[in-house]
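S.K.: What follows is a protein structure lacking sequence information:
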């Protein structure tokens, strides 16, 4: 299984072939649909020898057209791209994710013996998402993109939505033209929010019978609160976090708490420490650790997220905020950093930001990553810069998909 979620095999010439919906170890018949110089992509046509890990997906929208009923107007059999691994048993998904992380460290990071632990999974790996974004088709249907395509699939059911989102999904009845609809929920607080993405400056007229906040987003990204509150709140480890409509928050609240539970022992904070929280978002890691250290420095580029973090830290006197890109702010910091936690976007650290972090030489770094490839790349640079990779803990924030979250522990030697 590969980083992009496909199964990888070889044809009779030895050429690498990637096949969506295949499983490592299976013997299949596949039809080539894309040829490159060194590899090809193919669609699954027939399973000759099935993997023991293959299971029947519960969702009517999942799967490649060759193995499902003919495509219909309701979306069955069109291959929704929201999930890629519903055909793989959950315990096998965890094994594959562990193997993928190890392979990325070996191939990209040139760290063949990386200390990667087994992936931590959910006890109930369904109905977990607290945030989902739909596109709208010309008939007013809520849609996901098809796998590897821009085609829109009208969605009748989704098995990874948290029940609060599923309630909103089934209640949404729109009589106005929109570009998209985002549903968000505080799964611990019960708060619900609908974000309507329009192509007009003026918001539509909306009425609801449900206790839900509604926000309108213009084509320029401006947010206008139409009904209810202008933000929702979620709870992590007993602390309440304000989250604005466009601000980042982990989509799986239960497993986000697992991330925090690994970050703290990796850092082993002391009362006199200065902690850097890079790519801090609404302040999740830094604010939860603030009572354990002398000072927290938060760096975040998104204006709304910084405003949220300030509101979330109103009871904390030892937190300071810097708005801007980490690669711009961190090199200018004069304060000596003792510890660092970083949760960068999928692209990982910019080179300038990582150089500045290495120059600061904090004694421990907890690196939260949603992309094993860029993590492995950055790990190589950290090791070359004087750090030792102590442990990598994959955490399955995204069951039924190929996406992998990890927390890595680096110590300065």
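M.R.: On my side now, so go ahead. No experiment lies behind these values; they were computed from the predicted model shown.
S.K.: per-domain residue ranges of the chain.
M.R.: 62-87+129-249, 95-123+252-412 (automatic domain parsing).
S.K.: I'd like those domains laid out as JSON lines, including mean pLDDT.
M.R.: JSON lines is the format used below for these (pLDDT from 0 to 100):
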{"stretch": "domain 62-87+129-249", "mean pLDDT": "86"}
{"stretch": "domain 95-123+252-412", "mean pLDDT": "97"}
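S.K.: residue boundaries of the strands in the stretch 51-200 of the chain?
M.R.: All strands of the stretch 51-200 of the chain, identified by DSSP state E, counting those that start in this stretch, fall at 131-136, 142-145, 152-154, 180-185, 192-197.
S.K.: With distance to residue 41 and mean neighbour count as extra columns, can I get those in JSON lines?
M.R.: All C-beta atoms are positioned from the backbone trio N, CA, C, and that covers glycine. Below are the strands of the stretch 51-200 of the chain laid out as JSON lines (distance: least, CB to CB, whole Å; neighbours: other CB atoms under 10 Å):
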{"stretch": "strand 131-136", "distance to residue 41": "24", "mean neighbour count": "20"}
{"stretch": "strand 142-145", "distance to residue 41": "17", "mean neighbour count": "20"}
{"stretch": "strand 152-154", "distance to residue 41": "20", "mean neighbour count": "22"}
{"stretch": "strand 180-185", "distance to residue 41": "28", "mean neighbour count": "22"}
{"stretch": "strand 192-197", "distance to residue 41": "31", "mean neighbour count": "22"}
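S.K.: Geometric centre of this structure: which residue is closest?
M.R.: The C-alpha lying nearest the average C-alpha coordinate of the chain belongs to residue 370 (CA atoms, centre = their mean; 5.8 Å).
S.K.: That residue and residue 22: what is the separation?
M.R.: 24 Å (CB to CB, to the nearest Å).
S.K.: just residue 55 next, same as before
M.R.: 14 Å.
S.K.: Residue 245 now?
M.R.: 38 Å.
S.K.: So these two - more neighbours on which side?
M.R.: Neighbour count, other CB atoms under 10 Å: between residue 245 and residue 22, residue 22 has more, with 25 against 21.
S.K.: Find the helix or strand that the more buried one is a member of.
M.R.: In the assignment (DSSP states H and E), residue 22 maps to no helix and no strand.
S.K.: contacting residues for the residue lying closest to it once chain neighbours are set aside?
M.R.: Spatially, and ignoring its direct neighbours in sequence, residue 22 is nearest to residue 7 (3.3 Å; CB to CB, 6 or more residues apart in numbering). Taking CB atoms under 8 Å, 6 or more residues apart in numbering, we find residue 7 in contact with 1, 18-24, 26.
S.K.: out of those residues, which one sits closest to residue 316?
M.R.: Residue 316 lies nearest to residue 1 out of the contacts of residue 7, by CB to CB, at 42.7 Å.
S.K.: Could you check the pLDDT of that closest one?
M.R.: For residue 1, the pLDDT comes out at 96.
S.K.: got the phi/psi numbers for residue 48?
M.R.: Phi and psi for residue 48, reported as degrees, to the nearest 10, are phi -80, psi -50.
S.K.: The residue nearest to residue 186 when sequence neighbours are not counted in helix, strand or coil?
M.R.: Distances taken as CB to CB, 6+ apart put residue 234 closest to residue 186, at 4.0 Å, once the chain neighbours are dropped. Recorded secondary structure, residue 234: strand (DSSP: H, G, I helix; E, B strand; the rest coil).
S.K.: I'd guessed residue 234 sits against residue 164; true?
M.R.: No. Taking contacts as CB atoms under 8 Å, residue 234 lies outside contact range of residue 164: 11.1 Å.
S.K.: If you count surrounding residues, which of the two has more?
M.R.: residue 234 (23 against 20).
S.K.: partners of that one in the sheet?
M.R.: residue 241 (DSSP bridges).
S.K.: the helices in the stretch 151-300 of the chain, which residues?
M.R.: 163-171, 253-267, 284-289 (DSSP state H, counting those that start in this stretch).
S.K.: okay, the angle between the longest one and strand 131-136?
M.R.: Here the directions of helix 253-267 and strand 131-136 differ by 130 degrees (axes from the mean of the first three to the mean of the last three CA atoms, to 10 degrees).
S.K.: Show me what helix 253-267 is packed against.
M.R.: Using 3 or more CB pairs under 8 Å, 6 or more residues apart in numbering; DSSP states H and E, the elements in contact with helix 253-267 are strand 232-236, helix 284-289, strand 339-342, strand 364-369, strand 387-395, strand 405-412.
S.K.: between these, which gets nearest to residue 301?
M.R.: Per CB to CB, nearest to residue 301 of these: strand 339-342, 13.3 Å.
S.K.: Identify all contacting residues around the closest one.
M.R.: Residues contacting strand 339-342 (CB under 8 Å, 6+ apart): 263, 267, 269, 273-279, 285-286, 289, 293, 326, 349, 357, 360, 362-368.
S.K.: Given it, what are its sheet partners and their directions?
M.R.: Strand 339-342 pairs in its sheet with strand 274-278 (parallel), strand 364-369 (parallel), by DSSP bridges.
S.K.: Residue 84: which of these is closest?
M.R.: strand 364-369 (19.1 Å).
S.K.: Name the surrounding residues that touch stretch 129-145.
M.R.: Outside of stretch 129-145, the residues within contact range by CB under 8 Å, 6+ apart are 61, 80-82, 151-155, 158, 160-162, 164-165, 169, 172, 174-175, 177-187, 234, 249, 251-253.
S.K.: ugh, wrong one, stretch 225-236
M.R.: 130, 184-189, 191-193, 196, 203, 206, 208, 211-216, 223, 240-245, 249, 253, 256-257, 260, 284, 288, 308.
S.K.: Pull out the buried residues from these.
M.R.: 130, 184-188, 191-193, 196, 203, 208, 212-216, 241-245, 249, 253, 256, 260, 284, 288, 308 (16 or more other CB atoms under 10 Å).
S.K.: Distance of residue 160 relative to residue 342?
M.R.: Applying CB to CB, the value for residue 160 to residue 342 is 27 Å.
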